[in-house]
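Predicted model, plus sequence, below.
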Amino acid sequence: MVHRSHHDMGGLDAGPVDLDEHTQVHWEKRTDAIMRLVSDKKRQIITVDELRRGIEQIGPNVYDEMSYYERWITSVTNNLLEKGTITVDELGRKMSDVEARWQADGGTKA
Amino acid sequence: MSTSYAVGDTVAVRQAYPPGHVRAPYFIRGKSGTVDQVVGNYKNPEELAYGRRDSERLTLYRVRFNQTDVWANYNGPAKDSIVIDIYENWLNPAEGA
Amino acid sequence: MSDTPSHEHDHSHSHSHDHNNPDDPLYNSHGEHPYQPDSEDTPYEHHHVMAEAVGELLIDKGIITADELRGMIELIDSKSPAEGTRVIARAWTDPEFKARVMVNVNDAAQELGIDPGTIPIRAVENTDSVHNVIVCTLCSCYPRLLIGLPPDWYKSRSYRSRVVHEPRTVLKEFGTEISKETEVCVHDSTADLRYLVIPKRPDGTEGMSEDELAALVTRDSMIGVTTL
């Protein structure tokens, strides 16, 4: 049995194309912008190839369940962690901070 | 390994199925087509993907295939084609038609 | 302008509804199934928080600045099919310009004051004998800096899987039927090139100004799933 990567889907069968479109929401634009900046000539922290490889490595089921930008931010973040640009510790603390701040700003929680 | 191709040459896509970051789509491996364009030399994306930024440059080709050669049950006319950007390391010379 | 989006979401009701509103922070942008909240029962979607946190860390570390981030979002927002349509309209009216477009879209676009970035974009021309359509089966490569962000369907499993092996069937789903006398040529952008389709100029447009012609060109015709 030969290996076929999950993202390498050209030629497979699938349902009809869903023509509905969504406008990019803020966090998606932010993800897009972050990727463009960390991969630009000035920084070259991540290449677009590394981004792609990171997305491909997500794992088949999760790949399908995640949206396009969820895959992007997952890959960008994993790449930054691998390169030591950010640490897991910092990221965890910052994510907790963000949530706490947003809650304080008026979000409600069950 | 470094064969140079010219526009019009018949080439076959190498039949290998490694895991990892591969930019030769599964569906085209083992198929033969014609070099449509010699695009230029670029670093190998399959190496860049792993942070190896000093990889040697490879020649990128645009290769044209007849759809009826690619798909067993192609449902369109024989004139339909597909063109794919493929790096030299995925190509072997093939017998001309 | 605050960088924090507002997003009240009351979790006291059951989660039987879809999060199909794009302004909903729990929106699942491929819309195929409703977003399932994290088991930690936070109202804030995990990746949303991640995007915020990563940006802040990068700014804290001086790797990017807040201005750069804001500026890049503005640049992304500023891109739409419009600049691509201007290239098409000029190519239709000026054969020598079109010849330059066919060699290198980036350089030709610069002549019109457009900056489509450094990733090489190549043009493929639709004629009576060939109709071109573009896909990236492996991911979603697309000439973003010339024609804006790709539509969701371009990035979808269905399009990426099917347009290479049944292009005419897929084109029909867009309302496009190509005659059997015309070749359909699919381009899979697997490498460092991006593709722009030059649609066939519609009949009855002789004498139109470039602006009028540009207004006729659609994003989908520059991908090749529709004709004009």
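Received the coordinates, thanks. Nothing here was measured: the structure is a model prediction, and the numbers come from that model.

Span of stretch B:41-59 from start to end?
This stretch, stretch B:41-59, spans 4 Å end to end (CA to CA, to the nearest Å).

Give me the contact status of that stretch with chain C.
Yes: using CB under 8 Å from any CB of the partner chain, stretch B:41-59 reaches chain C at B:Tyr42, B:Pro45. (C-beta placed from N, C-alpha, C; glycine too.)

Pull out the buried positions in stretch B:53-67.
By neighbour count with 16 or more other CB atoms under 10 Å in any protein chain shown, stretch B:53-67 contains the buried residues B:Leu58, B:Thr59, B:Leu60, B:Tyr61, B:Arg62, B:Val63, B:Arg64, B:Phe65, B:Asn66, B:Gln67.

So what's the model's average confidence on that stretch?
When pLDDT is averaged over stretch B:53-67, the result is 96.

thinking again about what came up before, which two among the buried residues of stretch B:53-67 are spaced furthest apart?
B:Leu58 and B:Gln67 (26.5 Å; CB to CB).

which ones among the buried residues of stretch B:53-67 are found in strands?
Among the buried residues of stretch B:53-67, DSSP state E puts B:Leu58, B:Thr59, B:Leu60, B:Tyr61, B:Arg62, B:Val63, B:Arg64, B:Phe65, B:Asn66 in strands.

Looking at those, which is nearest chain A?
Chain A lies nearest to B:Phe65 out of these, by CB to the nearest CB, at 12.2 Å.

who's in contact with that closest one?
B:Phe65 makes contact with B:Ile28, B:Lys31, B:Ser32, B:Gly33, B:Thr34, B:Ser81, B:Ile82, B:Val83, B:Ile84 under the criterion CB atoms under 8 Å, 6 or more residues apart in numbering or on different chains.

and the longest helix along chain A, what does it pack onto?
Longest helix of chain A, by residue count under DSSP state H: helix A:88-104. Other elements packing on helix A:88-104 under the criterion 3 or more CB pairs under 8 Å, 6 or more residues apart in numbering or on different chains; DSSP states H and E are helix A:68-82, helix C:46-60.

can you put these in a markdown table and add distance to chain B?
Converted to a markdown table, the helices and strands packed on helix A:88-104 look like this (distance: least, CB to the nearest CB, whole Å):
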| stretch | distance to chain B |
| --- | --- |
| helix A:68-82 | 8 |
| helix C:46-60 | 19 |
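
Save those helices as JSON lines, and put in mean neighbour count and mean pLDDT too.
Shown next, in JSON lines, are the helices and strands packed on helix A:88-104 (neighbours: other CB atoms under 10 Å in any protein chain shown; pLDDT from 0 to 100):
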{"stretch": "helix A:68-82", "mean neighbour count": "21", "mean pLDDT": "97"}
{"stretch": "helix C:46-60", "mean neighbour count": "21", "mean pLDDT": "97"}
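
can you redo those helices as TSV with distance to C:Arg194?
What follows is the helices and strands packed on helix A:88-104, written out as TSV (distance: least, CB to CB, whole Å):
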stretch	distance to C:Arg194
helix A:68-82	17
helix C:46-60	25
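
Can you pull out the low-pLDDT segments for chain B?
B:1-2, B:96-97 (pLDDT under 70).

And the residue nearest the centre of it?
B:Ile86 (3.3 Å; CA atoms, centre = their mean).

how far is the lowest-mean-pLDDT helix or strand in chain A from where the chain is centred?
Counting by mean pLDDT, DSSP states H and E, chain A has its least confident helix or strand at helix A:60-65, which shows a mean of 88. Put simply, helix A:60-65 sits 12 Å off its chain's centre (CA atoms, centre = their mean, to the nearest Å).

Quick one: check it for contact with chain B.
No: figure legend: helix A:60-65 not in contact with chain B (CB under 8 Å from any CB); closest approach 12.6 Å.

for that helix, which positions count as buried?
Buried-residue list, helix A:60-65, by 16+ other CB under 10 Å: A:Tyr63, A:Glu65.

I'd say B:Tyr5 and B:Leu91 touch.
Yes: contact criterion CB atoms under 8 Å: B:Tyr5 and B:Leu91 qualify, at 6.8 Å.

okay, and the common contacts of the two?
Joint contacts of B:Tyr5 and B:Leu91 (CB under 8 Å, 6+ apart) are B:Val11, B:Tyr61.

Of the two, which one has the most company?
Per other CB atoms under 10 Å in any protein chain shown, whichever of B:Tyr5 and B:Leu91 has more neighbours is B:Leu91, with 22 against 17.

For chain C, which residues are neighbours of chain B?
Counting by CB under 8 Å from any CB, chain C sits next to chain B at C:137-138, C:164-169, C:180, C:183-193.

Restricted to strands, list those residues.
Per DSSP E, strands hold the following members of those: C:Glu183, C:Val184, C:Cys185, C:Val186, C:His187, C:Asp188.

Just list the residues touching the first one, thanks.
With contact taken as CB under 8 Å, 6+ apart, C:Glu183 is in contact with B:Pro77, B:Lys79, B:Asp80, B:Ser81, C:Ser129, C:Val130, C:His131.

returning to that earlier point: save the ones in strands among the buried residues of stretch B:53-67 as JSON lines, and put in distance to A:Gly92 too.
Putting these into JSON lines (distance: CB to CB, whole Å) gives the following:
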{"residue": "B:Leu58", "distance to A:Gly92": "40"}
{"residue": "B:Thr59", "distance to A:Gly92": "45"}
{"residue": "B:Leu60", "distance to A:Gly92": "41"}
{"residue": "B:Tyr61", "distance to A:Gly92": "46"}
{"residue": "B:Arg62", "distance to A:Gly92": "46"}
{"residue": "B:Val63", "distance to A:Gly92": "47"}
{"residue": "B:Arg64", "distance to A:Gly92": "50"}
{"residue": "B:Phe65", "distance to A:Gly92": "49"}
{"residue": "B:Asn66", "distance to A:Gly92": "54"}
